[in-house]
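S.K.: Next comes the sequence, and after it the predicted model I'd like to discuss.
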Amino acid sequence: MDFFNSIVHFFQAGGRFLFPILAVAVVGLAITVERFLYIRRAKAENRKLWSELIPLVNAGDLAGAETLATSSDSPIGRIFGHGIARSRHTSKREEVEMSMEESLMEVTPLLERRTHYLATLAYASTLLGLLGTVVGLINGFAAVSNVNPAEKADLLSAAVSEAMNCTAFGIGVAVPLLLLHAYLSSQTNDLVDNLEMAALKFLNALGLKG
């Protein structure tokens, strides 16, 4: 209860700019959860499809491998589906590799989608905090200019408190968002690297010649 009361007091003392910053935090959290679940699911689906697909390729069952790949919505399924389809029309490794690279270029933006918004939201949170600070100080100094000297100290103290709360909350939201952006970016890069390695192993398994 004391913690809840402290939060309520913090928002009451922080002024109206705390609510846009809170909205930024909620949007950033929603993006983080969605991206985290998407990347985790993509990794699991890639591993599952790889374990099912490679035995078919090694056994020479390219038709079955293509059916399995094209029926999957996973990133690796799209890449391998394009590669197998291309290998049915040419025996040149370079052409199949180019087809798979084109598919990888199509898949990569899907993996990176919305992650960059976290950095933008972090900057927006910081700027909103600074804006709230400036507005709070302006309002505070404007208010104390026309009041009795005995009331100036209380009004100025309230204005400074509002300004500092905005700054603290803005930075407090921005730092986690930047850390989450860095984490999700690293996970996405690892996933793309794994796809590139899997594509190379897949080409070797097809046994195509240059």
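M.R.: Thanks, I have the structure now. Residues are numbered from 1 along each chain as shown.
S.K.: Longest helix in this structure, please.
M.R.: In the chain, assigned by DSSP state H, the helix with the most residues is helix 149-206.
S.K.: helices or strands next to it in the packing?
M.R.: If you count contacts as 3 or more C-beta pairs under 8 Å, 6 or more residues apart in numbering; DSSP states H and E, helix 149-206 packs onto helix 2-14, helix 18-58, helix 75-87, helix 93-112, helix 116-144. Every residue, glycine included, has its C-beta placed from N, CA and C.
S.K.: Can you add distance to A182, mean neighbour count and mean pLDDT and give those back as TSV?
M.R.: Listed next are those as TSV, based on distance: least, C-beta to C-beta, whole Å; neighbours: other C-beta atoms under 10 Å; pLDDT from 0 to 100:
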stretch	distance to A182	mean neighbour count	mean pLDDT
helix 2-14	27	12	60
helix 18-58	12	17	91
helix 75-87	22	23	86
helix 93-112	14	16	87
helix 116-144	9	18	86
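S.K.: for the longest helix of the chain, what is the average pLDDT?
M.R.: Here helix 149-206 scores 85 as its mean pLDDT.
S.K.: relative to helix 93-112, how tilted is that helix?
M.R.: 160 degrees (axes from the mean of the first three to the mean of the last three C-alpha atoms, to 10 degrees).
S.K.: Could you state which residue of this structure sits nearest its centroid?
M.R.: T115 (2.5 Å; C-alpha atoms, centre = their mean).
S.K.: Out of the helices and strands packed on helix 149-206, flag the one nearest N165.
M.R.: helix 2-14 (3.5 Å; C-beta to C-beta).
S.K.: re earlier: tabulate the helices and strands packed on helix 149-206 (TSV), appending distance to L68.
M.R.: Listed next are the helices and strands packed on helix 149-206 as TSV, based on distance: least, C-beta to C-beta, whole Å:
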stretch	distance to L68
helix 2-14	52
helix 18-58	6
helix 75-87	8
helix 93-112	16
helix 116-144	33
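S.K.: quick one, which of these is nearest to L200?
M.R.: It's helix 93-112; of the helices and strands packed on helix 149-206, that one is closest to L200 (C-beta to C-beta) at 8.6 Å.
S.K.: what does stretch 55-63 rub up against?
M.R.: 64-65, 68, 84, 87-88, 202, 205-206 (C-beta atoms under 8 Å, 6 or more residues apart in numbering).
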